[in-house]
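**Student:** Sequence and predicted structure below; questions after.
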Amino acid sequence: MKPRLLLALLLGLSVAQAGFNSALAATASGADKAAKAKKAALGKATAAKAQPKTQAKVASRAEAKPAVRVAKAGARAQARREATKRVASRSAKTAAPLRVSLRKQPVLAKAAPAALLAPAAVEPELTVDAHGLPQLGSAAFYVANQATGEVLLERNSQSVLPIASITKLMTAMVVIDGGQSLSEELVIGEGDIDTLKGTGSRLGLGTRLTREEMLNLALMSSENRAASALARHYPGGEQAFVAAMNIKARMLGLGDTRFHDSTGLTPANVSSPRDLAKLVSAAASYPLIREFSTTPERHVAIGSRQLRFGNTNSLVKSPDWQIAVQKTGYISEAGRCLVMQAWMQQQPVVIVLMDSAGRYTRTADAQRVRKWLEAEGAQRLAAAHRGRAG
């Protein structure tokens, strides 16, 4: 019996050990799962707590940055306003505001810096060549005593060149010869717009001026639309006007001269310095051309405004000159041109300057011619005057 009891006891112990191990494993697994669940729950709770803090921090930063920018921008704007006030205050103390009136002459200072003086007020240096003749910057020129016909100076005087707005002297003669009413009102239209060179004008479409005002602006300020309107309102229109210009040229003996429009914007309007001297002499016989071409400025009522138009030749304002007739001209093909009849030593002298290099060269050349005639050429003019008087 003893062996059987021992065997049963061992079998019971084995079963008990297996049950204990199984229970222990189950307990460990449950504890592990519980730990994991607890850890997961703890992580979620931590994340949930951290998220509002992070969002709060981000939100606070997002709200704080614009506030800082606005504050900085406001400070900068305030600083700029204060600086502007300081500068304006200083400027008000040191300089008076400049006001421009279209109806009144501007008040000139007692003295002006040399750099601000008009080109006509600055006397150019006179240099002469080996023959004692003045050196000029114009490519072609012709200077003659109109009373005697004596040629005083010339270079390329027979060259046929574009004449630009010198054309308007012939335009004026044809208008006056046509005998149309100077008080008739003309209207600027589409046909007066420059489509060739694209030049502008203050005479807008629909501008109404009398024929006299159009003629004045064409000669004094070289207004292209005014010259065009004069031709369009001629009997037979622009084509008949240009034909009359060329007929007048033949009558004056201008063999080198051709006209294709009334403004001079086309380079097809050509002439020679010799021909232009005859043209200037003929134009000088028209009192209205003498008056309008030498008027320093004029205020014209255009609509509800008074606009100032000035002379394109600054020499008409100079007390050193006695100019009877003048006209300037410029297009790229012609260069800068100037023609005048001026009185020197009581003699009418015709000056033609063509294709001058530089903006002020034609004016400087005219002054050089005058200085030379007052010095070297004075004897010729004085002799001509004595001969005519005797």
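**Tutor:** Arrived safely. Remember, predicted model here, so these are calculated numbers, not experimental data. Numbering: from 1, shown residues only.
**Student:** C-alpha only now, for contacts and for neighbours.
**Tutor:** Will do.
**Student:** helix or strand right after the lowest-mean-pLDDT helix or strand in the chain?
**Tutor:** Of the helices and strands making up the chain, the lowest-confidence element is helix 2-94, at a mean of 51, by mean pLDDT, DSSP states H and E. Counting by DSSP states H and E, the element after helix 2-94 in chain order, helix or strand, is strand 138-145.
**Student:** Give the buried residues for that following strand.
**Tutor:** Counting neighbours by 16 or more other Cα atoms under 10 Å, one finds that the buried residues in strand 138-145 are S138, A140, F141, Y142, V143, A144, N145.
**Student:** what's the nearest residue to the third one if we skip its chain neighbours?
**Tutor:** By the measure of Cα to Cα, 6 or more residues apart in numbering, the closest residue to F141 outside its immediate chain neighbours is L353, 4.6 Å from it.
**Student:** ok, the buried residues of strand 138-145 vs P348, which is closest?
**Tutor:** Top of the list for closeness to P348, among these and by Cα to Cα, is N145 at 6.1 Å.
**Student:** Surely the closest one is in contact with I351?
**Tutor:** No: if you go by Cα atoms under 8 Å, N145 and I351 don't touch, sitting 9.1 Å apart.
**Student:** element containing the residue nearest to F141?
**Tutor:** Element membership of L353, judged by DSSP H and E, is strand 347-356.
**Student:** what's that strand packed up against?
**Tutor:** Strand 347-356 is packed against strand 138-145, helix 273-283, strand 335-344, helix 361-375, with contacts defined by 3 or more Cα pairs under 8 Å, 6 or more residues apart in numbering; DSSP states H and E.
**Student:** would you put the C-alpha positions of stretch 163-176 in PDB?
**Tutor:** Only the C-alpha atoms of stretch 163-176 are listed here, as PDB (Å, rounded to 0.1, in the frame of the first residue of the first chain):
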ATOM      1  CA  ILE A 163      13.900 123.000 -93.200                       C
ATOM      2  CA  ALA A 164      11.500 121.800 -90.500                       C
ATOM      3  CA  SER A 165       9.400 124.500 -89.000                       C
ATOM      4  CA  ILE A 166      11.000 127.300 -91.100                       C
ATOM      5  CA  THR A 167       8.200 126.100 -93.300                       C
ATOM      6  CA  LYS A 168       5.800 128.200 -91.200                       C
ATOM      7  CA  LEU A 169       7.000 131.400 -92.700                       C
ATOM      8  CA  MET A 170       5.700 130.300 -96.100                       C
ATOM      9  CA  THR A 171       2.500 129.100 -94.300                       C
ATOM     10  CA  ALA A 172       2.000 132.500 -92.800                       C
ATOM     11  CA  MET A 173       2.500 134.300 -96.200                       C
ATOM     12  CA  VAL A 174       0.000 132.000 -97.900                       C
ATOM     13  CA  VAL A 175      -2.600 132.500 -95.200                       C
ATOM     14  CA  ILE A 176      -2.300 136.300 -95.300                       C
END
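**Student:** per-residue confidence averaged over that stretch?
**Tutor:** The average pLDDT within stretch 163-176 is 98.
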